[in-house]
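>>> please work out how this folds:
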Amino acid sequence: MILLLAKLGVRKAKRSIKDYIIYLITVTLAFSFIFAFNLISNSEDVLNLSSVMDNFKYVMYFVNAFIILVVCFLINYTTKFMFSKRSHKFGTYMVLGIKKRQISRMFTLENLFLGVFAFLVSIPVGYLFSILFSAIIMNIFDLPYQVLMDFNSNALFLSMLYFGIIYLIVLFFIE
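The predicted model follows:
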């Protein structure tokens, strides 16, 4: 039954893509910034600039915390909006005999699918943002900068952790 609900959730997400396109773009950009800031805060080039940069890592974590709060609000608001917009469809499902719990699971799976999709797209976009931001930071200090294909697993882990926290908070507080 769960597999059927997952398939139905994925199919509904594909059909509702035009409704979710702004949501997907916004969440993808937000997760891209989170990932980019994590990459920058763990970058040796940026951290080795000066002693003032010792606190830079913590400032970046603070910026990420702020972005996380904004993304939580955004996802929660959008989820509630989409739920109210599609309430007539959910009413039809209930008339057809689908239980509220199953409808809730289907809607939750749909939102998780969209979130995971946005997160996966945000990894390469965030990597490009981190290159751009690192170049800007190095340019501010008038230092040469090379684009290196350096990938930090700690930054990816933190981004995945933030993603999990965001969706746990949103799913916990959704009504």
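>>> so the residue nearest to the spatial centre of the chain versus Val70, what's the distance?
The centroid of the chain falls nearest to Phe31 when counting by Cα atoms, centre = their mean (3.8 Å). Phe31 sits 12 Å away from Val70, going by Cβ to Cβ, to the nearest Å. The C-beta positions use only the backbone N, C-alpha and C, and glycine is treated the same way.
>>> same thing with Ile169?
12 Å.
>>> next one: Asp142
33 Å.
>>> who's more crowded, the two?
Val70 (12 against 6; other Cβ atoms under 10 Å).
>>> now that one: which helix or strand?
Assessed by DSSP states H and E, Val70 sits inside helix 56-85.
>>> just checking, what packs against that helix?
helix 17-41, helix 44-47, helix 100-140, helix 153-173 (3 or more Cβ pairs under 8 Å, 6 or more residues apart in numbering; DSSP states H and E).
>>> and of those, who's closest to Phe81?
helix 17-41 (9.0 Å; Cβ to Cβ).
>>> what residues of that closest one count as buried?
20, 23-24, 26-41 (16 or more other Cβ atoms under 10 Å).
>>> returning to what we had before: skipping its backbone neighbours, what lies nearest the residue nearest to the centre of the chain in space?
Leaving aside its sequence neighbours, Phe31 sits nearest to Ser122 (Cβ to Cβ, 6 or more residues apart in numbering; 3.6 Å).
>>> ok, the one you found touching Leu24?
No: using Cβ atoms under 8 Å, Ser122 makes no contact with Leu24, being 10.2 Å away.
>>> so what sits against both of the two?
Taking Cβ atoms under 8 Å, 6 or more residues apart in numbering as the contact criterion, no residue touches both Ser122 and Leu24.
>>> check what pLDDT the closest residue in space to Ser41 that isn't next to it in sequence gets.
With sequence-adjacent residues excluded and distances taken as Cβ to Cβ, 6+ apart, Ser41 is closest to Met60, at 3.6 Å. Looking at Met60, its pLDDT stands at 74.
>>> what does the one 5 residues further on give?
Ala65 is assigned 83 on the pLDDT scale.
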